[in-house]
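**Q** model the following, please.
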Amino acid sequence: MHARLLSAPSTAAAASSSSRTSRPRRASSWRPKPRGPVSAPPLSLRAARASMQPAAAPQDGPGGAPAVRGVSETVVGVLGGGQLGKMLCQAASQMGIRIAVLDPLQDCPASSVCHEHVVGSFTDGDAVREFAKRCDVLTVEIEHVDAATLEKLEAQGVDCEPKASTISIIQDKYRQKTHFSNFGIPLPDFVEVDTLHSIEKAGEMFGYPLMVKSKRLAYDGRGNAVAHNKEDLSSVVASLGGFEHGLYVERFTTFVKELSVIVARSRDGSTVCYPVVETIHRENICHVVKAPAEVSDKIKKLATSVAENAIKSLEGAGVFAVELFLTEDDQILLNEVAPRPHNSGHHTIESCYTSQYEQHLRAILGLPLGDPSMKAPAAIMYNILGEDEGEAGFSLAHQLIRRALNIPGASVHWYAKPEMRKQRKMGHITIVGPSKTSVKSRLDDLLQRNMSNPTKVIPRVGIIMGSQSDLDVMKDAEIVMKNFDIPCELTIVSAHRTPERMYDYAKSAKDRGLEVIIAGMIASLTPLPVIGVPIKTSSLSGLDSLLSIVQMPKGIPVATIAIGNAENAGLFAARMLARNDQELSERVAKHLEDMKGMVLETAERLEDLGSDEFLRRKD
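**A** This is a model prediction of the structure:
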């Protein structure tokens, strides 16, 4: 059903909309008019028509004031009903917020969960205008909408968030780059091209490879092509539709990582930023998102600052995704911005206190912005991309889903798209866990990467000794790790006899997944917490070892425990890890209760037996 089948609003409805109030009248004339003899419509049309019926307005409350049934009585109109719209509707449902969706597909993903689905195109000006009469605020889940119509609607008093000016800027990637450049946002070098001569000149200026991009309708790798030399230019331009399609070029950016920051801005201009994440692409389509990104605090602050400044240069409220490049020389360059919830923020549903979808609703409705911080220490989002066409693709996707149901901390989101195509986003799986190492391991299990060595577990604690003579002491720390089910490694690293090995061990520890080291003298070589265990010696009974640890210079912290007490070092490491690991925290708490029980049991036996009999039985 196309929006043009919907009749124009009645005269009374038009008059009502001209004097727009906070609760516009829903015109019953939005139902399609029957043509010819009336007969029962086919089921597909019946379902579509039923979904277009406006819901009954809530009854007034005490004193004639409008009755509020949810967080807000504002009806949110969303242009687009894809997977982002679906997850936006799911968040709205939890808050009692009604969402109407405009999408041309009768069985679009959002159709099953929205309050109302109007079948019509979000690029059709007439459909958008009629749809706006049913809503109190308009927003988008896709930026390829009719921005010109939104601009006219804003001039008539329709509330659009983010603003039409922002949508217009984002739709044209060259205009987007020019806009951010004018506000001092760091970008790859770029220039517009409209002739073969101009693009050849750009190649001379930027060098090769050269990134050539379409200005409009470019996403998920579409509209981008690389010219490796001057001879490639003609074919690359032709593959993108020619210069008349609108092209520009960028200096090819050699990046270390692709990062993303979700920024939310409320109606009052206040902003909050989600933790920086790393995105990994397959064939230019986002495939994996790691949260938080494994970059330094300095890079996180810089990325957040660039993202926040970019969004402050735009107009309107909502959630925005800022895609960034981290270069080899630690620069942050803006790649592009999406004025809506984004693939790189899917993980927030399970991993953050406020999901990006709830946050978008809060922002456009003028509600207080929620806490964007992570409630789980680590998360990985894996996109379910079509591996094959049709039923074969569905079968492969469902095999992956079934495996996900056996993965701890995994949540499946299936978008229910009716058609399967290669590389099409069909759903996603988010895995949350107590550490980055654990979620990576669970993703490997999901993808069956550990099939060759299913028993391999990445250690979280490293226990190192200067020589094998220390083993009698240090094995107690290993026993504690095993009792708490904490993966660990035990090895010999001598600072005097194998200094290179010590250096390599310390430098690689964090990247290998270690989180705590039980050792002595390597704290200056690693950012990880180090717990020292003074070893008892024959000459000074370990006092020399203790003093060497507690007298580390300022800026090189090392925790220490009693001489020869590696058990306490293990317990201390367990408590450190338990701060961000609920399961481990429960095991640590149980250990404390067990010790308490042992003491009470011993006290009871002493009281029952008396000291002499107690000591005799103890012997």
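**Q** tell me who's in contact with the residue nearest to E116 when sequence neighbours are not counted.
**A** In space, and not counting its chain neighbours, E116 is closest to A100: 4.2 Å by Cβ to Cβ, 6 or more residues apart in numbering. For every residue, glycine as well, the C-beta is placed using N, CA and C. A100 makes contact with V75, V76, G77, V78, C114, H115, E116, H117, V118, F131, R134, C135, according to Cβ atoms under 8 Å, 6 or more residues apart in numbering.
**Q** what pairs with the strand or helix carrying A100, parallel or antiparallel?
**A** Here A100, judged by DSSP states H and E, is contained in strand 99-103. Taking DSSP bridges as the criterion, strand 99-103 forms sheet pairs with strand 76-79 (parallel), strand 116-119 (parallel).
**Q** next helix or strand past the first one?
**A** Beyond strand 76-79 in the direction of the C-terminus, DSSP H and E gives the next helix or strand as helix 83-95.
**Q** any chance you could map the strands in the stretch 151-300 of the chain?
**A** With DSSP state E, counting those that start in this stretch applied, the stretch 151-300 of the chain shows strands at 190-193, 210-214, 224-227, 247-251, 255-265, 271-273, 277-282, 285-291, listed in chain order.
**Q** same question for the first one, mean pLDDT?
**A** In this model, strand 190-193 has a mean pLDDT of 94.
**Q** the residue nearest to E116 and V226, how far apart?
**A** A100 sits 42 Å away from V226, going by Cβ to Cβ, to the nearest Å.
**Q** what do you get for K618?
**A** Remark: distance between K618 and V226 (Cβ to Cβ) = 78 Å.
**Q** tell me, how many neighbours does I556 end up with?
**A** When neighbours are defined as other Cβ atoms under 10 Å, I556 has 11 of them.
**Q** do S168 as well
**A** 17.
**Q** quick one: contacts for it?
**A** For S168, the contacting residues are A147, A148, E151, R175, by Cβ under 8 Å, 6+ apart.
**Q** helices of the stretch 251-400 of the chain, start to end?
**A** Counting by DSSP state H, counting those that start in this stretch, the stretch 251-400 of the chain has helices at residues 297-312, 348-351, 356-365, 390-404.
**Q** the stretch 401-550 of the chain too?
**A** Secondary structure of the stretch 401-550 of the chain (DSSP H, counting those that start in this stretch): helices at 436-446, 471-483, 499-508, 543-550.
**Q** for the shortest one, the distance to its chain's centre please.
**A** It stands for helix 543-550. Here the centre of helix 543-550 is set off from its chain's centre by 46 Å, with Cα atoms, centre = their mean, to the nearest Å.
**Q** same thing with stretch 302-311?
**A** Remark: stretch 302-311 is offset 17 Å from the chain centroid, using Cα atoms, centre = their mean.
**Q** do the same with stretch 353-367
**A** With Cα atoms, centre = their mean, you get 15 Å for stretch 353-367.
**Q** need the helices for the stretch 1-150 of the chain, in chain order.
**A** In the stretch 1-150 of the chain, helices defined by DSSP H, counting those that start in this stretch lie at 11-18, 43-51, 83-95, 125-132, 147-155, listed in chain order.
**Q** so for I311, which of the strands of the stretch 151-300 of the chain sits nearest?
**A** Nearest of these to I311, taken as Cβ to Cβ: strand 255-265 at 4.4 Å.
**Q** so which elements touch the closest one?
**A** Judged by 3 or more Cβ pairs under 8 Å, 6 or more residues apart in numbering; DSSP states H and E, the packing partners of strand 255-265 are strand 271-273, strand 277-282, helix 297-312, strand 318-327, strand 332-338, helix 356-365.
**Q** below-threshold pLDDT in the stretch 201-350 of the chain: ranges please.
**A** Along the stretch 201-350 of the chain, the parts satisfying pLDDT under 70 run over 218-221.
**Q** contacting residues for the closest residue to T166 other than its chain neighbours?
**A** Closest residue to T166 apart from its sequence neighbours, by Cβ to Cβ, 6+ apart: L314 at 4.5 Å. If a contact means Cβ under 8 Å, 6+ apart, then L314 has P162, K163, S165, T166, I169, F320, V337, P339 as its contacts.
**Q** out of the residues you listed, the closest to G409 would be?
**A** F320 (28.1 Å).
**Q** my read: that closest one touches I262, true?
**A** Yes: under the criterion of Cβ atoms under 8 Å, F320 makes contact with I262 at 7.3 Å.
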